[in-house]
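Trainee: One predicted model, sequence on top.
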Amino acid sequence: MLFTTYLSGIIEFMFCLVDGNNFYVSCERVFKPYLIGKPVIVLSNNDGCVVSRSQEAKDLGIKMGQPYHQCRRCVELNNVQVMSSNYALYADISERMMRLLQTLTPDCEVYSIDESFLYFHHTQYSSWHEQGRAIKAMIQQHLGIPVGVGFGKTKTLAKLANKLAKQAHEGVCCIHDYDLNKLLKNIALEAIWGVASGISKRLKRQGIYNAYHLREAPLRIVRSSCHSYGETLKFELMGISVIPLTCEKSPNKQIISSRSFGVGLSDKASLFGALTENIIRATEKLRAGRLKTKQWYVFLQSSRFKPGYCHHGVDIMHTHYTSVTAEIVSHSLNSMQRYVTSDHVYTKSGIILTDLQLVSQIQPTLFEPSYDRMDALMKACDDINHKWGRGTITLSQVHQPKQRWKMKQNQRSQAYSTQWNDILTVQ
DNA sequence: TCTGGGGTCCTAGGACCC
DNA sequence: TCTGGGGTCCTAGGACCC
């Protein structure tokens, strides 16, 4: 286990977590300023669940992950503005935000679409709080996105500081400016990064009820209930950095593409069309990561909320590494033939690519076919689709009749920053 | 009526070997 | 009647994250 040397007062380093507030809602507000100050929610694919809420919507009691149909009445009564998710827009704003943060320090780990860990050896400002205010102002000025900034001697403490920052510290908090003992006594276990109901239940059985208890608990106790994971949490809360910053993005270990249809489907053309769409998306990601796969899993499943739930999937082992869409489509559809009967009504399809390998590290076998021409063709298709928009060239021959599996996205905003046709017009 | 999607890491336990 | 011990590898499933 690696420990970062921590000599208080001699080395003044700090981890920092910058996190976009209500990120998807904030992205929508950048291009629709009339949404500012109003309750707004963003829905998941198929307009199924709530995945982002403005503060006003949170105050109305709308929960994260809540099915839309459950809060529809509240939405109507309070005139909540509802948006379908527009991931192209969020991903683009995210990329701009991360690029700005990378100008502050090379030690920057993009952790998710809306948050990054930064590591500072020292600050040129009068305090960490001032540094945080400067970061907030920079993101606000360049992108119009409000962020929270938290500082701590470990990633776990920075994460905690970020949470506190959003509650009552003008969006900035350095956790070491406060009486840490007192503070941790008021932090519930579930508020700690990496602790959810399962682990908290186990810790409570040992008499550990808050962050302070966990930090002070004997190693033997945390080990017995949570193995090395509990140990990591304890050290991180003590201010001893155990979870390192990982600036280099490691290659994916798996790639998933799955979608619900919105309606139940049982006809072969629609189901194979949906599966093909999944495979096209997954293989595009595969090639974008300069990877190939030798093993994958395709599946069809029915609604979990209806009686007679079924899940049918096939594990496919290929003879060699490939990233050719048509090849994966053809093997997958052949294997799924037996499950596509009129007896089954499915609502979701998907593919999981596993056994991924970087193209540069693949050792070809003596008897496998040459992929040079197919790889070149795939690259040309990807380039064209990237330049002229997804779907300009279809990567599979499967007949796609009415596209009944297409997502419901009734309230989607435009792709303001990634599609020429959607660019705002200034009068 | 309507209930998301995409990831990682860890552990227990089975299978197998000598 | 009594049925070893130590090791590796793989996988399913749990737990967590956003």
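Mentor: That came in fine, so what should we check first?
Trainee: Up against DNA strand C, what does chain A have?
Mentor: Taking Cβ under 7 Å from any atom of the strand as the contact definition, chain A meets DNA strand C at A:111-115, A:159, A:192-200. C-betas here are computed from N, CA, C, even on glycine.
Trainee: Pick the one among these closest to A:K306.
Mentor: Closest approach between the residues of chain A next to DNA strand C and A:K306, by Cβ to Cβ: A:S197, at 26.3 Å.
Trainee: what about stretch A:293-302, near DNA strand B?
Mentor: No: against DNA strand B, stretch A:293-302 shows no contacts by Cβ under 7 Å from any atom of the strand, the least distance being 9.7 Å.
Trainee: Pull out the buried residues from that stretch.
Mentor: Buried residues in stretch A:293-302, counted by 16 or more other Cβ atoms under 10 Å: A:293-294, A:296-302.
Trainee: Specify which member of the residues you listed is nearest to A:Q55.
Mentor: Using Cβ to Cβ, A:Q301 comes nearest to A:Q55 of these, at 36.0 Å.
Trainee: got the contact list for the closest one?
Mentor: A:Q301 makes contact with A:309-313, A:346-349, according to Cβ atoms under 8 Å, 6 or more residues apart in numbering.
Trainee: please redo it, this time with the cut-off set to 7 Å
Mentor: Contacts for A:Q301 were tallied using Cβ atoms under 7 Å, 6 or more residues apart in numbering; they are A:310-311, A:346, A:348.
Trainee: Can you pull the residues of chain A lying near DNA strand B?
Mentor: Listed as neighbours of DNA strand B in chain A under the rule Cβ under 7 Å from any atom of the strand: A:44-46, A:48-49, A:51, A:65, A:67-69, A:72, A:227-229, A:250, A:252-260, A:262, A:264, A:281, A:285, A:303, A:305, A:347-348, A:350.
Trainee: and if we set it to 6 Å?
Mentor: Residues of chain A lying close to DNA strand B (Cβ under 6 Å from any atom of the strand) are A:44-46, A:48-49, A:51, A:65, A:67, A:69, A:227-229, A:252-260, A:285, A:305, A:348, A:350.
Trainee: residue boundaries of the helices in the stretch 201-350 of chain A?
Mentor: A:211-216, A:219-238, A:268-288, A:325-336 (DSSP state H, counting those that start in this stretch).
Trainee: Comparing these by mean pLDDT, which bottoms out?
Mentor: Mean pLDDT is lowest for helix A:219-238 among the helices of the stretch 201-350 of chain A, at a mean of 90.
Trainee: In that helix, which residues are buried?
Mentor: In terms of neighbour count (16+ other Cβ under 10 Å), helix A:219-238 has its buried residues at A:221-222, A:225-226, A:230, A:232-238.
Trainee: what's the closest of the buried residues of stretch A:293-302 to DNA strand B?
Mentor: Comparing these against DNA strand B with Cβ to the nearest atom of the strand places A:Q301 closest, at 9.7 Å.
Trainee: Sort out which of the residues of chain A next to DNA strand B are buried, if you could.
Mentor: Among the residues of chain A next to DNA strand B, those scoring as buried are A:44-46, A:48-49, A:51, A:255, A:257-260, A:348, A:350 (criterion: 16+ other Cβ under 10 Å).
Trainee: Strands of the stretch 301-427 of chain A, residue ranges please.
Mentor: Applying DSSP state E, counting those that start in this stretch to the stretch 301-427 of chain A gives strands spanning A:311-322, A:346-358.
Trainee: do the same with the stretch 51-200 of chain A
Mentor: A:81-84, A:108-112, A:115-120, A:147-152, A:172-174.
Trainee: Adding mean pLDDT, distance to A:I243 and mean neighbour count, write those strands out as a markdown table.
Mentor: A markdown table is the format used below for the strands of the stretch 51-200 of chain A (pLDDT from 0 to 100; distance: least, Cβ to Cβ, whole Å; neighbours: other Cβ atoms under 10 Å):
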| stretch | mean pLDDT | distance to A:I243 | mean neighbour count |
| --- | --- | --- | --- |
| strand A:81-84 | 96 | 34 | 20 |
| strand A:108-112 | 95 | 10 | 17 |
| strand A:115-120 | 97 | 9 | 21 |
| strand A:147-152 | 97 | 12 | 27 |
| strand A:172-174 | 96 | 19 | 26 |
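Trainee: Looking at those strands, spot the one closest to A:Q206.
Mentor: Proximity to A:Q206 (Cβ to Cβ) singles out strand A:147-152 among those, at 24.9 Å.
Trainee: for that closest one, packing partners?
Mentor: Packing partners of strand A:147-152 (3 or more Cβ pairs under 7 Å, 6 or more residues apart in numbering; DSSP states H and E): strand A:14-20, helix A:128-143, helix A:155-168, strand A:172-174.
Trainee: circling back to that earlier point, now list the buried members of the contacts of A:Q301.
Mentor: Neighbour-count burial (16+ other Cβ under 10 Å) is assigned, among the contacts of A:Q301, to A:346, A:348.
Trainee: Same list (the contacts of A:Q301) but as CSV, adding pLDDT.
Mentor: Listed next are these as CSV, based on pLDDT from 0 to 100:
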residue, pLDDT
A:C310, 88
A:H311, 90
A:Y346, 94
A:K348, 93
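Trainee: Cheers, nothing more for now.
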